[in-house]
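In: need the 3D shape of this:
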Amino acid sequence: MTVTGIAADNAEYFEGLAYEGAFEREDILWLGAADGDGTACTILGAGIYGEMAYIEWIYTEPS
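Out: Alright, predicted model coming up:
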């Protein structure tokens, strides 16, 4: 499994796992993972509020 930040140059690869416009939010840190075959399988959106971090969005392929 490979984990990477999601930015403009690779957002299209993960778009099918997120809600429309998700990666346009600048207040969320987006991370994505690909399985051993290179297929996007997980995304996580994390936010920071003061000194606390929280999970805004998480998706994992059922398999």
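In: residue 1: what's it in contact with?
Out: Neighbour list for residue 1: 33, 34, 35, 36, 41 [criterion: CB atoms under 8 Å, 6 or more residues apart in numbering]. (Each C-beta comes from the backbone N, C-alpha and C, glycine too.)
In: give me the sheet partners of the one helix or strand residue 58 maps to and which way each runs.
Out: When elements are assigned from DSSP states H and E, residue 58 belongs to strand 52-60. Strands that pair with strand 52-60, judged by DSSP bridges, come out as strand 40-49 (antiparallel).
In: in the sheet, who's paired with the residue nearest the centre of the chain?
Out: For the chain, the residue nearest the mean C-alpha position is residue 43 (3.2 Å; CA atoms, centre = their mean). Taking DSSP bridges, one obtains residue 32, residue 59 as the residues bridged to residue 43.
In: give me the distance between it and residue 50.
Out: 24 Å (CB to CB, to the nearest Å).
In: from residue 35, how far out is the residue nearest to the centre of the chain?
Out: In terms of CB to CB, residue 43 sits 13 Å off from residue 35.
In: one more: residue 50?
Out: 35 Å.
In: these two: which has the busier surroundings?
Out: residue 35 (13 against 5; other CB atoms under 10 Å).
In: contacts only, for the closest residue to the more buried one other than its chain neighbours.
Out: Leaving aside its sequence neighbours, residue 35 sits nearest to residue 41 (CB to CB, 6 or more residues apart in numbering; 4.8 Å). Taking CB under 8 Å, 6+ apart as the contact definition, residue 41 lies against 1, 17, 33, 34, 35, 60, 61, 63.
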